[in-house]
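**Q** need a 3D model of the following:
(chains A and B)
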Amino acid sequence: MADVRTAPVDTISIVVPKGRRRRRGRRTNPLIYVALVAASVFAILPILWGLSTSFKSESATLSDSGWIPAQFTLENYRLVLFESKIPLYLGNTLMVAGLTVVTTILIGIFGAYAAARFRFKGKTTSLLLILMTSMIPGIAILVPLYFLAVQLGLYDTYAVMIIIYTAWQIPTVVWMLKGFFESIPDSIEEAGRVDGASHFRVMVQLIFPLAIPGIAASAVISFVYVWNDFLIAATMISTDDKRLVAVGLYNYLSQYGIVWGQLTAAVVISIIPIVIVFVLMERRIVAGLSAGATKG
Amino acid sequence: MAIAVHPGTEEQGAPPAGPPTPPPPPRGKGRGVGDKSPLGLSWGLVLPSIIVVAVVSIFPIVYAVNLSLHETSYMQIGEFIGLQHFIWIFTSAEGQAQIARSLIYVVGSLVIAVPLSLALANLLNQNVRFRRVFRVLILMPWVISQTVAALLWKWLVNPDYGPLGLGETPFGRIDFLADPVLAMTLLIVVNVWISYPLATILCLASLQTIPEELREAAEVDGAGPFRRFMQVTLPLMKPTLFVVAIQLTLLYFNMVTLVYTLTGGGPLDGTNLLSLAAFKQSFEFFNLGLGAAYSVVLFAFNVLFGAAYIRLLRSERNG
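**A** Residues are numbered from 1 along each chain as shown, chains lettered A, B, ... in the order given. Model prediction:
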C-alpha cells in the first residue's frame, strides 16, 4: 500500500533530510547565498525595525531613525509590562489558546483515529463534511455566529471564542493526526487485540502515546492560529478586560494616539513566545503544515 | 506523487479509500483491524467532530443565506426582500469597485507570492551552510499575526520616522498610506509577506519528493541548472503549484484582518475589498443583512474554488 496513504509519513521523513544529499565536492553558487540573505532580510526587516524602536525612548522614536538606537532604554518594556493591559491580554490569550488546543485535540484525535483505522459506513461522507468546513471562510459566518452568540448568552465570554476556534481547527487537526496514525503500523494494534484489550483501550493506551509528536505539531499549529487571530476576538468580545492580545495591540494603537516605542515593545513581547516555539519546533511545524495545511 | 502531501487528497475518499480498505477483505496479515471495525465505536469517535463543525460552521452558513434575503435593522430581522442585497452588490458602482479591487489584490498578490515561494523553496532545498538558520529566518513571518504585520509594516514605511528614508526620495515624499494606488501596493506586499512562508513550505515538501536521481540524470545528459529546473523540477511540481495557488487565492479573497488593520480600506476606499466590506457592513455600520449578503458572495466564491481544488486533486490521482 505505498500509495497516497503513506504520504504524510514520507513528508515527515523527507522534510528532515539528514545529510542524505551530500555535496559531491560541488561548490554552491555564491549567488544562492546572496538570494538567501536577501530573502532573510525581507523576512525579518519589519521585525528588526520594531525591535530597534522598542529600545528607543518615546521622543527618540521620532528623531532617531537609525537601526541601532543611539540610546538604549527599557522604559517602553517597563511601561508595557507594568502599566498597561498587555500582560492581562497575554494571559487571556494564553488561556483561550491553551483551552482551544486541549478541546480541539481531545475531540479531533478520536475522529482522526477512526478515520485512519476503521472502515465504516458513512466514513467518506463524514470525513468530507469535516474537511469541507475548512473551506468556509470565517468572515462568511461571522454575522450568524455573532447572532447565535448573543442569543445563546455566550456573547462576550471566553467560552464562545474557545468553541469557535475549536470548530475551525478541528478539520486541520483531524487531517494531520489521521496522517500520523496511518504512519503507525497496524501490527501494534493487532498485538494489543491479541492480548485481549478492547479497541478503545488499544487506541488510548497503545496508539495515542505513539502519536505524541504528531499531537505536539498540531497543537502548536492550532495554538499559533488562536494566538494570532483577530476576527473572532474582535467581534465576540466587548469587555476590555477579556480581550486577546491581537485586538489589544490594535486598540493600543488607537487608544493612546501612536506611541510607537511602547507599541513595538508590546509587539515584541507578544511575539517572543511564539517565535521561540517556532525556532524550537520548526521542523515539526513544517512537516505538520505540509501534511495538513487546510485553513490558512 | 507530489500531490499527496496535501490535505484534501483523501477528501474524495474514492477507490483506494481508508487504510484498512483493500477491496478483497481477507488479507492474512496487515490491515486486520479494519475488517472487524466496530461500527458503534467508529461513529462514537467521529461524531463529536461532526457535531462541533456542524454547529459552528455549517448551520451558520444556512443562517447567513437566510439573513441575506431579509431587511435588517441592527439585530432585528425585518421583511423578506429577496435578492435585493445581492443585486446591489453586483450592480452598484461601489459593489463593482469592491469586486474589481478584490481581483487586483488577489491576482497581484498571487503573481508575486507563487513565483517567490517556488524560488525560495528551491533555494532552501540547496545544500548550503546554515540551511537551518536560513529556513528559520525565511519562514519566520508565518508566526507573525496579521495585526502585528500591519503594525510593523506601517511603522517601517512611515515617511517621517521610518528607516527607509521615504520622506525624501528622488521622487518626493512617498507616503504609502496616503495614496490609493500606493496603499494597494503596500497591502499586496505585506500580504505576500505574511503568506509566502506557508506557500514555501508546501513547495518545499513537494520539491523533496522529487528524486535526486532525476535531476542527476538530466545533469549527466548535459542539462544546466536552469534547464534542469524548467524540464525536470517544474513539470513535477505543477500539481503542487496549482494547489498552492488555489489555497492562496482563498486566503487572499477572504482576507479581512490585514486589510482592516493596515489600511482600514482607505484611503478614499482604495483598498476597500469585498471581504472588508462584509466585515464593515456587519460590524461597523450594522447592516447585518447586507453584510450577510457579502458573506454569501464570498462563500460562493470559496465553493467555486474549492470545487476546482477537489477536481484538480481527483484528476491528479486518477490521471
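**Q** any low-confidence regions in chain B?
**A** B:1-37, B:74, B:313, B:316-319 (pLDDT under 70).
**Q** neighbours of residue 156, how many?
**A** Just so you know, I chose chain A. By other Cβ atoms under 10 Å in any protein chain shown, the residues close to A:Asp156 number 14. Where C-beta positions appear, they are placed from N, C-alpha and C, glycine not excepted.
**Q** actually it's chain B I care about, not the one you picked
**A** Neighbourhood size, B:Leu156 [other Cβ under 10 Å]: 21.
**Q** so how far is A:Trp49 from it?
**A** 5 Å (Cβ to Cβ, to the nearest Å).
**Q** B:Met140 too?
**A** Distance from B:Met140 to A:Trp49, counting by Cβ to Cβ: 14 Å.
**Q** more neighbours, those two?
**A** Remark: of B:Met140 and A:Trp49, A:Trp49 carries more neighbours, 22 against 19, as counted by other Cβ under 10 Å.
**Q** in what helix or strand does that one lie?
**A** Per DSSP states H and E: A:Trp49 is located in helix A:30-54.
**Q** and B:Ile174, how many neighbours?
**A** Residue neighbour count, defined by other Cβ under 10 Å, stands at 16 for B:Ile174.
**Q** can you give me the helices in chain A?
**A** A:7-15, A:30-54, A:75-83, A:86-117, A:123-132, A:142-151, A:158-182, A:187-194, A:199-201, A:208-210, A:212-228, A:231-236, A:245-255, A:260-292 (DSSP state H).
**Q** pick the most deeply packed of those helices.
**A** Highest mean neighbour count among the helices of chain A (mean count of other Cβ atoms under 10 Å in any protein chain shown): helix A:158-182, with a mean of 26.
**Q** against which helices or strands is that one packed?
**A** Helices and strands touching helix A:158-182, by 3 or more Cβ pairs under 8 Å, 6 or more residues apart in numbering or on different chains; DSSP states H and E, are helix A:7-15, helix A:86-117, helix A:123-132, helix A:212-228, helix A:231-236, helix A:260-292, helix B:39-53.
**Q** and the closest residue to A:Glu182 other than its chain neighbours, how far from B:Thr263?
**A** Closest residue in space to A:Glu182, ignoring its immediate chain neighbours: A:Ala116 at 4.9 Å, by Cβ to Cβ, 6 or more residues apart in numbering or on different chains. For A:Ala116, the distance to B:Thr263 (Cβ to Cβ) stands at 44 Å.
**Q** what about chain A, any weak spots by pLDDT?
**A** Applying pLDDT under 70 to chain A flags residues A:1-28, A:254-257, A:291-296.
**Q** how is it partitioned into domains?
**A** A:28-73, A:84-292 (automatic domain parsing).
**Q** which stretch of helix or strand covers B:Thr72?
**A** B:Thr72 belongs to strand B:70-73 when assigned by DSSP H and E.
**Q** hmm, I was thinking of B:Tyr252
**A** Taking DSSP H and E as the criterion, the element that holds B:Tyr252 is helix B:234-253.
**Q** so which elements touch that helix?
**A** helix B:93-124, helix B:180-207, helix B:288-318.
**Q** list the buried residues in the shortest one.
**A** Taking 16 or more other Cβ atoms under 10 Å in any protein chain shown as the neighbour-count basis, helix B:180-207 is seen to contain the buried residues B:180, B:182-184, B:186-207.
**Q** if I look at B:Glu216, how far off is B:Arg228?
**A** Distance of B:Glu216 to B:Arg228, given as Cβ to Cβ: 9 Å.
**Q** out of the two, which sits in the busier spot?
**A** Ranked by neighbour count (other Cβ under 10 Å), B:Glu216 and B:Arg228 place B:Arg228 first, with 18 against 13.
**Q** where's the more buried one relative to chain A, distance?
**A** B:Arg228 sits 13 Å away from chain A, taking Cβ to the nearest Cβ, to the nearest Å as the criterion.
**Q** quick check: that residue vs B:Ile210, distance?
**A** B:Arg228 sits 11 Å away from B:Ile210, taking Cβ to Cβ as the criterion.
**Q** and if you look at A:Ile44?
**A** From A:Ile44 to B:Ile210 the distance is 29 Å (Cβ to Cβ).
**Q** OK, contacts around residue 228?
**A** No chain specified, so I'll use chain A. Neighbouring residues of A:Asn228 by Cβ atoms under 8 Å, 6 or more residues apart in numbering or on different chains: A:Ala246, A:Ile274, B:Val143, B:Ile144, B:Ser145, B:Gln146, B:Thr147, B:Val148.
**Q** my question was about chain B, not that one.
**A** Counting by Cβ under 8 Å, 6+ apart, B:Arg228 touches B:Arg215, B:Ala218, B:Glu219.
**Q** filter those down to the buried ones, PyMOL style.
**A** Restricted to buried positions by 16+ other Cβ under 10 Å, the PyMOL selection for the contacts of B:Arg228 reads:
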select buried, chain B and resi 215+218
